[in-house]
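*Asks:* any chance you could fold what I've pasted below:
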Amino acid sequence: MSDKLIVVAGAGGFIGGSLVASLRQRGCSHIRAVDVKSLDHWYQKFDNVENLCLDLNKKDNCEIAAKGAAEIYNLACNMGGMGFIEKNKALCMLSVLINTHMLMAARKYGVERYFYSSSACVYNGDLQHTSDDGDRFTPPALKEADAYPALAEDGYGWEKLFSERMCRHFREDFGLHTRVARFHNIYGPWGTWFGGREKAPAAICRKVIEAKLKGKHEIEIWGNGHQTRSFMYIDDCLKGIDMIMNSDIIEPLNLGSNEAVSVNQLVDIVEDIAGIKLKRKYDLDAPKGVNGRNSDNTLIQQLLGWEPSITLRHGLEKTYAWILEQYQLRESGAEGVVREIEE
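*Replies:* Below you'll find the model as predicted:
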């Protein structure tokens, strides 16, 4: 690998931190990791990486982050599971400042390539309905063209769709080589697993662990459990980011598994991993998002000859084991040691 400078924005988060780790493993010797959080709250950090704590909502900080960079991976935004994005729409929308200022800085300093992490939340909500007939469902497989006519997830989804267009127009008007992937529910070790921003796989793992360890054999499920999603393991996500970033594909691509399950089926899998059966309590007033969503991987298969392939069961086994370890550390009062990797 060359010693060109690679910038990862949002490096203190789950995907960003995992991306920094992956870049290091591939031999990248000059990485600038940037996040608004203080270093002691980064999920992964490395001594041989340039770590900067900067608020990338601010233009001047984006210029500090981008100066000298050959490539920028922008994964910085305000986000979380449905419990967060449904109650923080304005905060999610403000992330347009991050991508706008990062694009401007990338243009100013002649950045060679720019990756933007978008989301399946950009898709038209009217397409994401399933019948409410037990767990018998046919979740819609959303192809890239289904983002228009636009009816994105309110707040977070509109910010992502707008930022996609910004990337497109910076490419068309200024010649910046932008690449965009629409993530579909990324999960895995080093992800958020408590506190309100966690996504369904981590939340279910934590709830099952709590029920088992505390002897309260009951689990609360948001909604009726029939809503469907597909979930992509972090290793597949990192592989896809690398392939898309280094491709000639200029339009947004789905990056997600096409293995759709209901929330009830997700709980079934985690219960089986844990070796326990729980009584289910359904909170019909809790945030639950759209009824059904899946990734149509036709285009990524055609253009890259690849698609995410790690099974949900395999990924959940690894995720459950990691969250169990973190839960036990936290219960023992050792929370401070679980967020750092210093080498």
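*Asks:* what about the stretch 51-200 of the chain, any weak spots by pLDDT?
*Replies:* 79-83, 129-139 (pLDDT under 70).
*Asks:* for it, which segments are assigned as helices?
*Replies:* Remark: helices assigned in the stretch 51-200 of the chain by DSSP state H, counting those that start in this stretch are 59-66, 82-85, 89-93, 96-108, 156-174, 200-214.
*Asks:* quick one: the closest residue to N88 other than its chain neighbours from N57, how far?
*Replies:* Leaving aside its sequence neighbours, N88 sits nearest to N78 (Cβ to Cβ, 6 or more residues apart in numbering; 6.8 Å). C-betas here are computed from N, CA, C, even on glycine. As judged by Cβ to Cβ, to the nearest Å, N78 and N57 stand 9 Å apart.
*Asks:* between the two, which contacts overlap?
*Replies:* Contact criterion Cβ atoms under 8 Å, 6 or more residues apart in numbering; residues shared by N78 and N57: L94, S95.
*Asks:* out of the two, which sits in the busier spot?
*Replies:* Neighbours were counted for N78 and for N57 using other Cβ atoms under 10 Å; N78 has more, 20 against 17.
*Asks:* any idea how far D47 is from that one?
*Replies:* Distance of N78 to D47, computed by Cβ to Cβ: 28 Å.
*Asks:* which helix or strand contains the nearest residue to E220 once chain neighbours are set aside?
*Replies:* Sequence neighbours aside, K281 is the residue nearest to E220 in space, at 4.9 Å (criterion: Cβ to Cβ, 6+ apart). Per DSSP states H and E, K281 falls inside strand 279-283.
*Asks:* average model confidence for that strand?
*Replies:* Taken as a whole, strand 279-283 has a mean pLDDT of 93.
*Asks:* in the sheet, which strands lie alongside that strand, parallel or antiparallel?
*Replies:* Its sheet considered, strand 279-283 pairs with strand 218-222 (parallel) by DSSP bridges.
*Asks:* residues near D60, how many?
*Replies:* 11.
*Asks:* let's have the chain start at 28 instead
*Replies:* Will do, 28 is the new start, and the previous item becomes D87.
*Asks:* from R198, how far out is it?
*Replies:* With Cβ to Cβ as the criterion, D87 and R198 are 24 Å apart.
*Asks:* repeat that for K345.
*Replies:* Taking Cβ to Cβ, one finds K345 at 36 Å from R198.
*Asks:* now swap in S65 and tell me
*Replies:* In terms of Cβ to Cβ, S65 sits 34 Å off from R198.
*Asks:* which one of these two has more residues nearby?
*Replies:* R198 (17 against 9).
*Asks:* surely N75 is in a helix?
*Replies:* No: counting by DSSP: H, G, I helix; E, B strand; the rest coil, N75 is not found in a helix; it is coil.
*Asks:* quick check, the residue nearest to N115 in contact with S122.
*Replies:* Yes: using Cβ atoms under 8 Å, N105 is in contact with S122, at 5.3 Å.
*Asks:* pass me the low-pLDDT residue ranges in the stretch 228-370 of the chain, would you?
*Replies:* Using pLDDT under 70, the flagged stretches of the stretch 228-370 of the chain are 314-317, 361-370.
*Asks:* what comes up buried for the strand holding K308?
*Replies:* Residues of strand 306-310 classed as buried: Y309 (neighbour count, 16 or more other Cβ atoms under 10 Å).
*Asks:* contacting residues around the nearest residue to I33 once chain neighbours are set aside?
*Replies:* Counting by Cβ to Cβ, 6+ apart, I33 lies nearest to E98, which is 4.9 Å off, once chain neighbours are set aside. Residues in contact with E98 (Cβ under 8 Å, 6+ apart) are K31, L32, I33, V34, V138, E139, R140, Y141, F142, M272.
*Asks:* just checking, what packs against the one helix or strand the fourth one maps to?
*Replies:* By that I understand V34. Assigned by DSSP H and E, V34 belongs to strand 33-36. Applying 3 or more Cβ pairs under 8 Å, 6 or more residues apart in numbering; DSSP states H and E, one finds that strand 33-36 contacts helix 41-52, strand 58-62, helix 86-93, strand 98-101.
*Asks:* right, and R256 touches N285 too?
*Replies:* No: in this structure R256 lies outside contact range of N285 using Cβ under 8 Å: 11.4 Å.
*Asks:* of these two, who's got more company?
*Replies:* Neighbour count, other Cβ under 10 Å: between R256 and N285, R256 has more, with 25 against 19.
*Asks:* and that one, how close does it get to G218?
*Replies:* Counting by Cβ to Cβ - R256 and G218 are separated by 15 Å.
*Asks:* what about Y354, how many residues nearby?
*Replies:* So Y354, with other Cβ under 10 Å, has 18 neighbours.
*Asks:* test my guess that V235 contacts I246.
*Replies:* Yes: look at V235 against I246 with Cβ under 8 Å: they come within range, at 6.5 Å.
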